[in-house]
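Q: Sharing a sequence plus its predicted fold:
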Amino acid sequence: MAEEWIKDAIKEPGALRKSLGVKKGETIPKGELAEKKAELEEKVEGDKTLTPTQRKLLRQINLAQTLAGMKK
């Protein structure tokens, strides 16, 4: 039970996949995550603010990359 704590922590499973347009059952390419993250971070650097949707997407990407690094 202690190993499954992350399942309870994720409120909307599949939301990142849906927003990136990846079909259910397919893996999200790491390159696509990195590309989208770089694009969003570039907008922040140029004195532009992100919309709430873009901020949420950036947080989802960061979480996905963190969780991918945690796999055994």
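A: The structure has been received and is ready for your questions.
Q: Which helix or strand lies directly C-terminal to the helix or strand of the chain with the lowest mean pLDDT?
A: Using mean pLDDT, DSSP states H and E, helix 5-9 stands out as the lowest-scoring helix or strand of the chain, at a mean of 76. Using DSSP states H and E, the helix or strand that follows helix 5-9 in sequence is helix 15-20.
Q: residue ranges with poor pLDDT in this structure?
A: Within the chain, the stretches with pLDDT under 70 are 1-3, 71-72.
Q: All the helices of it, in order from the start?
A: All helices of the chain, identified by DSSP state H, fall at 5-9, 15-20, 30-45, 52-70.
Q: Single out the most deeply packed of those.
A: helix 15-20 (a mean of 15; mean count of other C-beta atoms under 10 Å). The way it works is simple: take the backbone N, C-alpha and C, and place the C-beta from them, glycine included.
Q: Mind listing residues that contact it?
A: Helix 15-20 has contacts (C-beta atoms under 8 Å, 6 or more residues apart in numbering) with 23, 24, 28, 32, 33, 36, 57, 60, 61, 64.
Q: And for stretch 22-42?
A: 14, 16-17, 20, 50, 54, 57-58, 61-62, 64-65, 68.
Q: Next: stretch 55-67.
A: Against stretch 55-67 from outside (C-beta under 8 Å, 6+ apart): 6, 10, 15-16, 19, 28, 30, 33, 36-37, 40-41, 50.
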